[in-house]
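A.B. asks: Here's my sequence, what's the structure:
(one chain, ligands or ions: 1)
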Amino acid sequence: MPDDAKTWEARAAAHSFYGFTDLPSIRDRGTVVVTHGEGPYVFDTNGRNYLDANSGLWNMVAGFDHKGLAEAAKAQYDRFPGYHAFFGRMSDQTVMLSEKLIEVSPFERGKVFYTNSGSEANDTLVKMLWFLNRAEGNPQRTKILTRKNAYHGVTVVSSSMTGKPYNEVFGLPLPGFLHLTCPHYWREGQAGETEADFTARMARELEDTIAREGADTIAAFVAEPVMGAGGVIPPSEGYFQAIQPILRRHGIPLISDEVICGFGRTGQVWGCDTYGFRPDAIISSKALTAGYFPMGAVILGPTLADRLQNAVEAIEEFPHGFTASGHPVGCAISLKAIEVILNEGLLDNVRALTPRFEAGLARLAENPNIGEWRGRGLMGALEAVKDKDTKTPFDSHLSVSERIANTCTDHGLICRPLGQSIVLCPPFIMTEGQMDEMFEKLETALNQVF
Ligand code: PLP
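C.D. replies: Modelled structure (predicted):
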């Protein structure tokens, strides 16, 4: 049968693999094939529209038809679409974007390295650390500390950093990637333990881990300010204030993985600003281009930038980079995205909408099967439980969050099931009316499932 005689769904199923997708849902319900978008809405091949409370994948913060971003892309495609980012050359757009990124970063100076994704940025960071530690005569300083439930990507190294059990199917993590306790007080706190006690326990665990492993074997501690794909988990009160001094004392760099939090999601430019800590480097992607180009960046603060520069000078080369690193079109889009987010009201809108967002989450959390709502800025989650008092989760095979998300899709709302939670991370351009629509549709779905 010629392809165009089949349905879009059949064609999608025949020739494409889905990643991170619940196959029973696809089998039972088919898929949605999307053709275009308007503001926070996307449209499918059947002409149905969906309010995307997932911002694509946290990234389409300026919506799906931002004219300024499309024009910035077109202008650069017309002017110079090609590679010339490094290997002895660099495009003017890349030069300007690095200047801009350092200007908006928390660092007084530093350097940027470009990748095509957040996963590659995390891999690049690890290679940078391994490279400079070897150059400094510390080849044993290789271990990477992250947390259970953290998400840092899907390449071999960034999967190893990710603290999700599903990576066991690949035989990961690699040795030397250690996962500390997820700082989620509601779920991980022990009976009778206050939040302050819990945070102190997280700090003690870090101290104990460093003592056990040896500080001189640890290359970095990498953390998302708010865990995103772990189910939107803000850290317990005082968490970063408790761990940062420990890491400093042991000379272990603290890296902020801002792939989700960066560029406004938490209500400040960086999640580390929201949580009041000062990282040694930032990993960025997603809102970096407002989702209009695949790009990631490692932004090194002064200390790591200098150490890497010295290591590079010792062998006169940093033997790493991707074909499209610092692509001029991606850089032109990113420059525009930063302008749009910071100067054209998107960040202001995140701040303005946050109280309404929190109130909506809190209201839906009154449902007897929602154990907790949590969030920061415009990222939030509702966690489903079988028993609210005991916080007993549903059996994971029942996939309650999957059923809620599927029911939402039926009502024209896209939101993400993550573990037992439903995650909402709306685009920054959302209006109050669209936010109300989002919560109304989610409430309808919750009432249908529970
Ligand atoms: N780091 C964090 C915090 C993320 O949320 C993600 C993706 O969601 C990544 C890294 C990986 O980014 P990418 O999917 O662009 O490889």
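
A.B. asks: make it CA atoms for all contacts and neighbour counts henceforth
C.D. replies: Noted.

A.B. asks: Quick check: which ranges of this protein have low pLDDT?
C.D. replies: Residues of the chain that meet the criterion pLDDT under 70 lie in 1-5, 85-86, 397-398.

A.B. asks: what do you get if the cut-off is 90, keeping everything else the same?
C.D. replies: 1-32, 81-89, 395-399 (pLDDT under 90).

A.B. asks: Contacts only, for the most centrally placed residue in it.
C.D. replies: Nearest to the mean C-alpha position of the chain, counting by Cα atoms, centre = their mean, stands Ile260 at 3.0 Å. Applying Cα atoms under 8 Å, 6 or more residues apart in numbering, we find Ile260 in contact with Trp58, Asn59, Gly228, Ser284, Ser285, Lys286, Ala287.

A.B. asks: May I ask which of the residues you listed has the most neighbours?
C.D. replies: With neighbours taken as other Cα atoms under 10 Å, the top of the contacts of Ile260 is Ser285, carrying 31 neighbours.

A.B. asks: residues in contact with that residue?
C.D. replies: Ser117, Gly118, Glu258, Val259, Ile260, Gly262, Pro294, Met295, Gly296, Ala297.

A.B. asks: could the residues you listed be laid out in CSV, adding distance to Gly163?
C.D. replies: Formatted as CSV, the contacts of Ser285 follow (distance: Cα to Cα, whole Å):
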residue, distance to Gly163
Ser117, 19
Gly118, 16
Glu258, 16
Val259, 16
Ile260, 16
Gly262, 20
Pro294, 24
Met295, 23
Gly296, 21
Ala297, 22
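
A.B. asks: Neighbour-wise, which one of these leads?
C.D. replies: Busiest of the contacts of Ser285 [other Cα under 10 Å] is Val259, holding 32 neighbours.

A.B. asks: Regarding that one, what is its secondary structure?
C.D. replies: Taken by DSSP: H, G, I helix; E, B strand; the rest coil, the conformation at Val259 corresponds to coil.

A.B. asks: show me what contacts it?
C.D. replies: Gly118, Ile283, Ser284, Ser285, Lys286, Ala287.

A.B. asks: Likewise for Val33?
C.D. replies: Contacts here follow Cα under 8 Å, 6+ apart; on that basis Val33 touches Trp8, Glu9, Ala12, Asp44, Thr45.

A.B. asks: do the same with Ser25
C.D. replies: By Cα under 8 Å, 6+ apart, the contact set of Ser25 is Glu402, Asn406.

A.B. asks: In which helix or strand does it reside?
C.D. replies: Assigned by DSSP states H and E, Ser25 falls within helix 23-29.

A.B. asks: what comes up buried for that helix?
C.D. replies: Of all the residues in helix 23-29, not one is buried under the rule 16 or more other Cα atoms under 10 Å.

A.B. asks: Next secondary structure after that helix?
C.D. replies: Trace forward from helix 23-29 with DSSP H and E and the next one is strand 34-38.

A.B. asks: which parts of the stretch 201-350 of the chain sit against the ligand?
C.D. replies: For the stretch 201-350 of the chain, the residues found near the ligand under the criterion Cα under 6 Å from any ligand atom are Glu224, Gly228, Ala229, Asp257, Glu258, Val259, Ile260.

A.B. asks: Return the closest of those residues with respect to Thr142.
C.D. replies: Nearest to Thr142 among these: Asp257, at 18.2 Å, using Cα to Cα.

A.B. asks: Which residues does the closest one form beta bridges with?
C.D. replies: Under DSSP bridges, the beta-bridge partners of Asp257 are Ile283.

A.B. asks: Ok, Asp52 next?
C.D. replies: Ile414.

A.B. asks: I'd like the distance from it to the ligand, if you could.
C.D. replies: Using Cα to the nearest ligand atom, to the nearest Å, Asp52 is found at 16 Å from the ligand.

A.B. asks: Quick check: Ile283 vs Leu23, distance?
C.D. replies: According to Cα to Cα, to the nearest Å, Ile283 stands 31 Å off from Leu23.

A.B. asks: Which parts of the stretch 301-450 of the chain are strands?
C.D. replies: 370-376, 379-384, 413-414, 416-418, 421-424 (DSSP state E, counting those that start in this stretch).

A.B. asks: how about those strands in a markdown table, adding mean neighbour count?
C.D. replies: Converted to a markdown table, those look like this (neighbours: other Cα atoms under 10 Å):
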| stretch | mean neighbour count |
| --- | --- |
| strand 370-376 | 22 |
| strand 379-384 | 26 |
| strand 413-414 | 27 |
| strand 416-418 | 23 |
| strand 421-424 | 27 |
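
A.B. asks: Would you convert these into a markdown table that also reports distance to the ligand?
C.D. replies: Below are the strands of the stretch 301-450 of the chain laid out as a markdown table (distance: least, Cα to the nearest ligand atom, whole Å):
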| stretch | distance to the ligand |
| --- | --- |
| strand 370-376 | 15 |
| strand 379-384 | 12 |
| strand 413-414 | 17 |
| strand 416-418 | 12 |
| strand 421-424 | 13 |
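
A.B. asks: all helices for the stretch 151-300 of the chain, in order.
C.D. replies: Here the stretch 151-300 of the chain has its helices, by DSSP state H, counting those that start in this stretch, at 156-161, 185-188, 195-213, 239-249, 271-274.

A.B. asks: so which of those is the most packed in?
C.D. replies: Compared across the helices of the stretch 151-300 of the chain, helix 156-161 shows the largest average neighbour count, a mean of 25 (mean count of other Cα atoms under 10 Å).

A.B. asks: quick check, it touching the ligand?
C.D. replies: No. Helix 156-161 is not in contact with the ligand by Cα under 6 Å from any ligand atom; minimum separation 7.5 Å.

A.B. asks: before we move on, back to that, CSV for the residues of the stretch 201-350 of the chain next to the ligand, including distance to Gly377?
C.D. replies: Below are those laid out as CSV (distance: Cα to Cα, whole Å):
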residue, distance to Gly377
Glu224, 15
Gly228, 12
Ala229, 16
Asp257, 17
Glu258, 14
Val259, 15
Ile260, 12
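
A.B. asks: Just confirm Val312 contacts His320, I think it does.
C.D. replies: No. Between Val312 and His320 there is no contact under Cα atoms under 8 Å: 11.0 Å.
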